[in-house]
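Trainee: everything below, folded, please.
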Amino acid sequence: MANSQVVVSKNNTEIDKKWWKEAVIYQIYPRSFKDSNGDGIGDLQGIISKLDYLKSLGIDAIWLSPIYESPNDDNGYDISDYRNIMKDFGTMEDFDQLLKGMHDRGIKLVMDLVFNHSSDEHYWFQESKKSRDNKYRDYYYWWPAEKGTPPYRWSWFDVNSNAWKYDATTDSYYLHYFSKKQPDLNWNNAKVREELYDIMRFWLDKGVDGYRMDAFQFISKDPTFPELPKEIVGIPTEIIKYYGKGPKLHEYIQEMNREVLSNYPNVMSVSEGAGDSPEAALKFVDEDRKELNMAYHFESVDIGYNLKDFGLVKYKEIFSRYDETFKDKGWLSIFMANHDQPRMVSKFGNDTPEFREISSKMLSTFVMTMRGTSYYFQGDELGMSNIRFESIDDYNDVDTKNRYEFLKNNNGDLKAFLEDRKQTSRENGRTPFQWNSDKNAGFTTGKPWLKVNPNYTSINAEILEKDQNSTLNYFRKLVELRKKEPTLVYGTYTLLDKENPTVFAYQRELNGKKIVVLLNFSEKESMFTTDLNLKKAKVLLGNYKTPSCDGNLKPYESVILEIK
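Mentor: I've put the predicted structure just below:
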């Protein structure tokens, strides 16, 4: 894929061609991908052993969840040493071998950058809490107890949802938006920012190709911690929006661009979370502002229990609203799953035996044909589904365990909570990759760190490899089509049949070429209404052997048509 800035015409405007716009980015959650040494935990050598498989998918880049040294309170998103590899995953020599193996195969590496917080076992924090005059004290946010209880801040992973933790050593509270073992870094301290920029340079100089920036919209905080607006207290979604409006957020990102990113012009940068609206998201990636490359917003996955309950018309409106704001500048990510979400087919499709495979293909079609960079999570090419644990003992996730503990302490409905988690838990997406029908799905010879989904005997890469009509081979065809058709990357997006409650249809157009994508999100036949003449259309790809060309779509059917 070329890295040059060739421009194409679209609505009389010019768009730079970039590798990261054209890329299919595949996320690997290393703990669950492939174990090479039998300890039950996926590792770097495991990934190395599967590089040819990854190459065969046609993907362009891998987003690797954190592999840095960590005590694993939040599975690696609590970092104790940013310049070393977690022992569970291997060594720096393993990392160097992995990076070379990827680059030799034409695959780029995007690292996870966790800079909103560190681990409480990081040297900086260990020093910071020793005394109030320690030189690392202001690397974190501290509130002296003599000032009283600090103003309330909400926390994701705290048992009581309180982001302040009392520490007796210096009679002070420290801030943690996430778990108590993830203290927030003080970006208002210029020394902290320079330390973090130096870490970025360390990995970029090794040859990594980009960063996905974890919880990045929360890095800026008002150190006086004013009282939260009364109207948002008790409403986590509104508090999250409040967190994302730090006073110096964009100032710091622009500084990071000047100090680091601008010196590595071919590197990709994407922020997890991007404001509370399309307009706010655009600020992160408007080229004129010199901040980041790509926005990764959550509105399209924060839809509740499943898509059926949320409603397809509302879902279509989210994408159309963002596309309208980004149609002339900035760039978006398109995804339906990641390490913090349940399985794509279980949330947005239908994972019953009758429809799992066909709806999985339909969802993959959407991710590969919508305008924006495609992000795809490991195992979705197999149509992996939610495991739906029965007992709290099956869970490893700090989020689920602490919520359970809170309910238990407050006489909450534990049965109802566990029932809800069967559908919504992020550990549904973290079960080990299903390689074959051997014990533990070929993931490990030992005891896996998280249970393997029992359906691995029928849903695994080895079986699907042999079936030309499998979800795996359909995914490969989608990737190949996307690479052949620049219209699917740079073309305009126009929503069709807007109020249709079961069909998501849109047209992509570039330099006179028109491609129409029809997606039936229903288990019933659904009719697509249009003035377009579909009878003369050329079928580029469909998830049924006999694709529909008359707008009458079979259950969970997807069809990609070139309109003549």
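Trainee: can you list the low-confidence ranges for the chain?
Mentor: For the chain, the stretches flagged by pLDDT under 70 are 1-15.
Trainee: now with 50?
Mentor: 1-4, 6-13 (pLDDT under 50).
Trainee: leaving out the residues flanking it, which one is nearest to the residue located most distally from the centre of the chain?
Mentor: Most distant from the centre of the chain: residue 146, at 41.1 Å, with distances by C-alpha atoms, centre = their mean. Residue nearest to residue 146 in three dimensions, not counting chain neighbours: residue 171, with 7.5 Å by C-beta to C-beta, 6 or more residues apart in numbering. (Each C-beta comes from the backbone N, C-alpha and C, glycine too.)
Trainee: do the same with residue 207
Mentor: residue 99 (5.8 Å).
Trainee: quickly find the element holding the one you found.
Mentor: If you go by DSSP states H and E, residue 99 is part of helix 92-104.
Trainee: next SSE downstream of that helix?
Mentor: Counting by DSSP H and E, what follows helix 92-104 is strand 108-114.
Trainee: got a list of what the nearest residue to residue 36 once chain neighbours are set aside touches?
Mentor: Leaving aside its sequence neighbours, residue 36 sits nearest to residue 45 (C-beta to C-beta, 6+ apart; 3.8 Å). Residue 45 makes contact with 36-37, 90, 94, according to C-beta atoms under 8 Å, 6 or more residues apart in numbering.
Trainee: out of those, flag the one nearest to residue 470.
Mentor: Comparing the contacts of residue 45 against residue 470 with C-beta to C-beta places residue 36 closest, at 25.9 Å.
Trainee: any idea how far residue 351 lies from residue 455?
Mentor: Counting by C-beta to C-beta, to the nearest Å, the gap from residue 351 to residue 455 is 9 Å.
Trainee: gap between the residue nearest to residue 36 and residue 236?
Mentor: 39 Å.
Trainee: buried residues in the helix or strand containing residue 403?
Mentor: Using DSSP H and E, residue 403 falls within helix 398-409. Buried positions in helix 398-409, judged by neighbour count with 16 or more other C-beta atoms under 10 Å: 398-400, 402-404, 407.
Trainee: other SSEs contacting that helix?
Mentor: For helix 398-409, the packing partners by 3 or more C-beta pairs under 8 Å, 6 or more residues apart in numbering; DSSP states H and E come out as helix 414-424.
Trainee: what separates the helix it packs on from the chain centre, distance-wise?
Mentor: Relative to its chain's centre, helix 414-424 lies at 23 Å (C-alpha atoms, centre = their mean, to the nearest Å).
Trainee: right, and the helix or strand after that helix?
Mentor: Per DSSP H and E, the helix or strand that comes after helix 414-424 is helix 461-465.
Trainee: mind giving me the packing neighbours of the next helix or strand after that next one?
Mentor: Tracing the chain past helix 461-465, the next element assigned as helix or strand by DSSP H and E is helix 471-484. Judged by 3+ C-beta pairs under 8 Å, 6+ apart, helix 471-484 is in contact with helix 356-369, helix 461-465, helix 487-490, strand 538-542.
Trainee: from those, which stretch is densest packed?
Mentor: Most buried of those, by mean neighbour count (mean count of other C-beta atoms under 10 Å): helix 356-369, with a mean of 25.
Trainee: now the angle between helix 471-484 and it, please.
Mentor: 20 degrees (axes from the mean of the first three to the mean of the last three C-alpha atoms, to 10 degrees).
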